[in-house]
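In: got a predicted structure here, sequence first:
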Amino acid sequence: MKIGIVRFPGSNCEVDVWEAWRVLGQEPKMLWHQETSVRGYDLIVLPGGFSYGDYLRTGAIARFSPIMEDVIHFAHEGGMVLGICNGFQILTECGLLPGALLRNKDLHFLCQPQYLRVERTDLAFTSLYQEGEVIQIPINHGEGNYSIDDAGLKELEENGQVVFRYVDKTGVENELGNPNGSRHNIAGIVNRTGNVLGMMPHPERVVEEIVGGTDGQRLLLSLVQAWERRMQYGA
Amino acid sequence: MLKAKVTVTLKKSILDPQGSAVEKALKSMGYKVDEVRIGKFMEVTLPEAARENATEMMHEICHKLLSNPVIEDYSFELEDKE
Amino acid sequence: MLKAKVTVTLKKSILDPQGSAVEKALKSMGYKVDEVRIGKFMEVTLPEAARENATEMMHEICHKLLSNPVIEDYSFELEDKE
Amino acid sequence: MEPRIWREMGLTDEEYERVKVLMGREPNELEVGIFGVMWSEHCSYKTSKPILRRFPTEGPQVLQGPGENAGIVDIGDGLAVVFKMESHNHPSALEPYQGAATGVGGILRDVFTMGARPIAVLDPLRFGPLEEENTRRLVRGVVEGIGGYGNSIGIPTVAGDVYFHESYRGNPLVNAMAVGLLEHRHIAKGVASGVGNPVMVVGARTGRDGIHGATFASVELSEESEAKRSAVQVGDPFMEKLLMEACLELIQSGAIVGIQDMGAAGLTSSSCEMASRGDSGIDMDLSLVPRRETGMTPYEIMLSESQERMLVVPKAGCEQEVEAVFHRWGLEAVVVGKVTADGMLRLLENGQVVAEIPAKALTDEAPLYHRPTREPEYYARLKEQKLDGVKAQKGYGEILLDLLGSPNLASKSWVYRQYDHQVGTNTVVKPGGDAAVLRVRGTNKGLGMTTDCNARYVYLDPYVGGALTVVEAAQNLVCVGAKPLAITDCLNFGNPEKPEIFWQFEQACAGIAEACLVLETPVTGGNVSLYNETNGEAIYPTPTIGMVGLVENLEQVVRNRFSEPGEEILLLGEVSGSLAGSEYLALFEGVEAGALPPLDLREIKKRLDFMLSLIKEELVMSAHDLTEGGLAVALAEMAEGCGARVSVQGENELELLFGERLGRILFTVKPQDAGKVQELAQHAGVSVTRLGESGGEAIAMTVNGVMMLEVAIADCQRVREETLPKALN
Ligand SMILES: Nc1ncnc2c1ncn2[C@@H]1O[C@H](COP(=O)(O)OP(=O)(O)O)[C@@H](O)[C@H]1O
Ligand SMILES: [Mg+2]
């Protein structure tokens, strides 16, 4: 599987994502933000970090990086794109995903383990999870407060575009389990066609027990499996 | 030279936690204020060459980069720089 | 009701990393700009009761909380709110 | 020249005379300014050096001791750990966010300038009383600033400590330590050598930031410093991230001879130190230095403390290579001069010489002072204060909860939740552990790291207290299974011109030196921050110790929480502590006094070695050292998922439950291993006492068979967790 990880100036989780894939047996490539083509890739990952310092707004400047034009094109043609944290922010800024990520409601940056409920498992990103399963993936952001207007929210929910929701330990979505004030406890969403996923939690941080857990593994492995299936049976 | 003074504010319907935090702080310090909203203020200095279609260009810049229309409004004024 | 529109800007000689990042981005997008400086814009709504010494109070608030005089300057305008 | 001028630049009349002798002529104003900063306490260590010389700095593991930008210690496999600690106290008092942020930025540069990739930041912090609004403002700003820089550049902040005390009111301490990893073959140094090699300025442009920053850090805080506000700089972590990547790439390319960051006194200190270390001279044309502002004078350019800049000496002919690397990262790299043979720092402006100073006159020839010391009046008085009469004023259970909820003992998760402590995905033991542990990729090893200092102990008995800072750091490392390797320090004290303060300094350093010797943890570098006073009142002497240790086998890392019910709880060391200088005494009696328990470093070394050997044998299920709050507090801290029943014997209940005495470790073993552990203890000649076992939902403690306290672990956790958020949100 050909995985490209886009490295923007100021990205800082790109190596972690790279290492995570390697732990799972893949050999991803780093893509410099100034490249202009992502042809030939099976998956593009926009990693976490502070692209361009996250100055102005998170993800705002990165979206104009040379490579993004082709990433957008790639996504429109059905290419798989995964945006993690800053990557999610970039995806909303460039319009591949709806809404915006605002400052956390209590204004603090938060780095902590977080319970998530998997809302959909019919996606290439999540097929190895159980529907409704509660998993633990850490968050690490100052601006993860998912915001969208009422109409947009309604649409998201009706189309089942919410993939991960913040929940408490018991799997219930409530205020307590919502670390940043996101509407409807949204932690990750997918586009209508199911090929672009943006999420604030960091799955790449939980693929090895020794550094905190393995709940992120199945997300990455789902993608590999989906790709294998596609190779086997065609698109 | 020209200077564009841009203000970018969160749309009314969007919660502004930073503003509310400042509001609370001011109230607890004993100041009588009703509400605080926080946005951005930017000064963009333009070269002489940009004068002709400065307004148009600033709208474009504001729309594309300086604000995110999903959550923010912008406005600007152009002034001749001393 | 009164509204105070406050702008807080970094002092001239203080580095503005945000502004330079945006400046570079605009330039690389092909816009002709000379310089960008980024500050804050705040709207403070005051109750009727504060009208009398609003100016004084705003100076105090700006000095104490809304800006850090170590690195920032502020200015404000008071206007009657519609 | 008018005396006013050199005095304003921070030189005394005698120092000015010395300058004239070294120069062989009258210096001009620019030269005086350069001497002024280089001979400031901050850059020259003129009062502290004679004392610091007593630190042990050697050991088979030490690859680089004091004198470079950071120390380097071997960890085997061709790898080494690079680390250093520094203070940013005064800037943080003026602008907490930027002060703290640039503190992190500065210490990271010290580490990557050695060729190491930074892997962690630690942040020891000291503030005034938490009840005060000004303290809260500072805490919020400082924590946000550290996170703002560290999170953004992508280096995890993994440990630190936070204390609140009267003496830091108005003079908070913001220390920052950085740890990096490198391969031996990539070690870079801050030297300028090879006549004709170019000298390049790389990174951010120079502005009028922080001019006088270095001299400013060497004077007391006063109303007046409010006016010197430009001394605060703004950090740009994004720029630093690019700079770091570019520098590491450059160092590994082998194109450079030397590299040094521009910290305090910017271009001045970096150029003369590099020249001096290389026994060379440097010629620089200041008009070539890229500037952010117009109209800057040579003085301003030389003294600017603009952040995120480096001075690089590449091999002649490699200029283009350097430029290319930096351009790829979107950064500037400009040749501003060259290395010469004559040992002079020669500055030009548009080709005209504007200053010419022997480089070594600025560094090696800086004056040294042997300041007088005097034992302060309080020392004997507080030591002799009798504590026999102290009686519990409420139930022991309530006392425990009060202690757990007191600002110094309460959980610091409000702080470290705001730090990305996982980026890099190497963090094995996160903040909340006794020491942080990071894995070393490609090996089965881990690095332990911690910062510690109980300033109250140091105040009461600077010698013993100084030694105890090292002991505490070592015992924290041992508790996670790391063998202590070496230390860095940040020596925060008051005005050394006062004999009582200098006595504290001298005594504390002597204690640290002795402990480092016995515990075999040499000093590889550090930082001195003097003049920490507000309106004539000094802070408590706070020699923060940063220690790194090696975990040989990551699978053997030990945590400080009971893992399951039914573990045997054992105590290594004395069962009873002392109320002298204890948190109990301060909190309930409002007294900070007493004679600290006698210190036997050799005994402590024996215990630490014993503990490490148990861990190596995989006999230890969990371990935690006893510090503030004594046995009861340590037990409550270990009881996160599971309670404990413990009984102790002894005379004084308060001392048994809440008395403090370092060098003690609480640990658990499987019941079937308890006998073996006792045997090994006997063999090693250390005392291990069985206290009880883990289990249940409460901490229950009996003394001489009488139940003293029984507190639900849920309550312990609640009070521990709620203090900081309540005060700070
Ligand atoms: N400022 C801080 N930054 C990061 N971690 C911190 C900070 N303060 C405390 N911690 C973490 O909280 C835990 C408890 O700290 P402390 O009470 O100082 O521990 P100990 O008494 O074992 O030295 C440690 O893991 C420490 O690293
Ligand atoms: Mg400690």
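Out: Nice, thanks for sending it over. Ligands and ions are numbered 1, 2, ... in the order given.
In: residues of the worst-scoring helix or strand of chain B on mean pLDDT that come out buried?
Out: In chain B, no helix or strand scores lower on mean pLDDT, DSSP states H and E than helix B:17-28, which sits at a mean of 91. By 16 or more other Cβ atoms under 10 Å in any protein chain shown, the buried positions in helix B:17-28 come out as B:17-23, B:25-26. Every C-beta, even on glycine, is put in place using the N, C-alpha and C of the backbone.
In: next secondary structure after that helix?
Out: strand B:35-46 (DSSP states H and E).
In: sheet partners, orientation included, of that following strand?
Out: strand B:2-10 (antiparallel), strand C:35-46 (antiparallel) (DSSP bridges).
In: relative to C:Val6, which of those is closest?
Out: Set against C:Val6 and scored by Cβ to Cβ, these come closest in strand C:35-46, at 4.4 Å.
In: and the very next helix or strand once past the closest one, what other elements does it pack with?
Out: Downstream of strand C:35-46, the next assigned helix or strand under DSSP H and E is helix C:54-61. On a contact count with 3 or more Cβ pairs under 8 Å, 6 or more residues apart in numbering or on different chains; DSSP states H and E, helix C:54-61 meets strand C:2-10, strand C:35-46, strand C:72-80.
In: mind putting those in CSV, mean pLDDT included?
Out: Listed next are those as CSV, based on pLDDT from 0 to 100:
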stretch, mean pLDDT
strand C:2-10, 94
strand C:35-46, 95
strand C:72-80, 92
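In: want to throw these into JSON lines with mean neighbour count?
Out: As requested, those are exported to JSON lines (neighbours: other Cβ atoms under 10 Å in any protein chain shown):
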{"stretch": "strand C:2-10", "mean neighbour count": "20"}
{"stretch": "strand C:35-46", "mean neighbour count": "21"}
{"stretch": "strand C:72-80", "mean neighbour count": "14"}
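In: can you count the residues close to A:Gly40?
Out: Counted by other Cβ atoms under 10 Å in any protein chain shown, the residues lying close to A:Gly40 total 7.
In: next, it: secondary structure please.
Out: Under the three-state scheme (DSSP: H, G, I helix; E, B strand; the rest coil), A:Gly40 adopts coil.
In: and it, how far from ligand 1?
Out: Distance, A:Gly40 to ligand 1, using Cβ to the nearest ligand atom, to the nearest Å: 44 Å.
In: ok, D:Glu245 - contacts?
Out: D:Glu245 makes contacts with D:Trp329, as judged by Cβ atoms under 8 Å, 6 or more residues apart in numbering or on different chains.
In: okay, and it sits in which element?
Out: Per DSSP H and E, D:Glu245 falls inside helix D:237-253.
In: what inclination does that helix have with respect to helix C:17-28?
Out: 70 degrees (axes from the mean of the first three to the mean of the last three Cα atoms, to 10 degrees).
In: can I get the strands paired with strand B:35-46 in a markdown table including distance to ligand 2?
Out: As requested, the strands paired with strand B:35-46 are exported to a markdown table (distance: least, Cβ to the ion, whole Å):
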| stretch | distance to ligand 2 |
| --- | --- |
| strand B:2-10 | 43 |
| strand C:35-46 | 39 |
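In: who's in contact with D:Ala359?
Out: D:Ala359 is in contact with D:271-272, D:275-276, D:280-282, D:343-345, counting by Cβ under 8 Å, 6+ apart.
In: closest one of those to D:Glu356?
Out: Of the contacts of D:Ala359, the one sitting nearest to D:Glu356 (Cβ to Cβ) turns out to be D:Met344, at 5.7 Å.
In: related to what we said a few turns ago, neighbouring contacts of the helix or strand just after the helix holding D:Glu245?
Out: Using DSSP H and E, the helix or strand that directly follows helix D:237-253 along the chain is strand D:256-261. If you take Cβ under 8 Å, 6+ apart as the criterion, strand D:256-261 is touched by D:69, D:106, D:109-110, D:113, D:188-194, D:197, D:247, D:250-251, D:270, D:273-274, D:277-278, D:309-315, D:318, D:322.
In: picking up where we left off before, now the helices and strands packed on helix C:54-61 as CSV including distance to D:Glu95?
Out: Putting those into CSV (distance: least, Cβ to Cβ, whole Å) gives the following:
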stretch, distance to D:Glu95
strand C:2-10, 12
strand C:35-46, 15
strand C:72-80, 10
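In: residue most distant from the centroid, chain B?
Out: B:Gly30 (27.9 Å; Cα atoms, centre = their mean).
In: what strand or helix carries residue 36?
Out: You didn't say which chain, so I picked chain A. In this structure, A:Thr36 sits in neither a helix nor a strand according to DSSP H and E.
In: oops, I was thinking of chain D
Out: If you go by DSSP H and E, D:Gly36 is part of helix D:29-38.
In: before we move on, the earlier item: would the least confident helix or strand of chain B count as contacting chain D?
Out: No. Helix B:17-28 is not in contact with chain D by Cβ under 8 Å from any Cβ of the partner chain; minimum separation 8.9 Å.
In: so what secondary structure elements neighbour that helix?
Out: Contacts defined by 3+ Cβ pairs under 8 Å, 6+ apart place helix B:17-28 against strand B:35-46, strand C:35-46.
In: for the strands paired with strand B:35-46, which one sits closest to D:Ser563?
Out: With Cβ to Cβ as the criterion, D:Ser563 lies closest to strand B:2-10 of the strands paired with strand B:35-46, at 47.7 Å.
In: within range of chain C, give me the residues from chain A.
Out: For chain A, the contact set with chain C under Cβ under 8 Å from any Cβ comprises A:52-53, A:55-56, A:61, A:64.
In: among the residues you listed, which are in strands?
Out: Nothing among these maps onto strands, per DSSP state E.
In: the closest residue to ligand 2 within chain A: how many residues sit nearby?
Out: Per Cβ to the ion, A:Cys111 is where chain A lies closest to ligand 2, at 21.4 Å. For A:Cys111, the count of nearby residues is 27 (other Cβ under 10 Å).
In: grab the CA positions of the top helix by length along chain A and hand them over as PDB.
Out: For chain A, the longest helix by residue count, based on DSSP state H, is helix A:217-233. What follows is helix A:217-233, C-alpha atoms only, in PDB (Å, rounded to 0.1, in the frame of the first residue of the first chain):
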ATOM      1  CA  GLN A 217      -4.100   0.100  15.500                       C
ATOM      2  CA  ARG A 218      -7.300  -1.000  14.000                       C
ATOM      3  CA  LEU A 219      -7.900   2.300  12.400                       C
ATOM      4  CA  LEU A 220      -4.700   2.000  10.400                       C
ATOM      5  CA  LEU A 221      -5.200  -1.700   9.800                       C
ATOM      6  CA  SER A 222      -8.800  -1.100   8.500                       C
ATOM      7  CA  LEU A 223      -7.300   1.000   5.800                       C
ATOM      8  CA  VAL A 224      -4.800  -1.700   4.900                       C
ATOM      9  CA  GLN A 225      -7.500  -4.200   4.700                       C
ATOM     10  CA  ALA A 226      -9.700  -2.000   2.600                       C
ATOM     11  CA  TRP A 227      -6.900  -1.500   0.300                       C
ATOM     12  CA  GLU A 228      -6.100  -5.200   0.000                       C
ATOM     13  CA  ARG A 229      -9.700  -5.900  -0.800                       C
ATOM     14  CA  ARG A 230      -9.700  -3.200  -3.400                       C
ATOM     15  CA  MET A 231      -6.600  -4.800  -4.900                       C
ATOM     16  CA  GLN A 232      -8.200  -8.100  -4.900                       C
ATOM     17  CA  TYR A 233     -11.600  -7.300  -6.200                       C
END
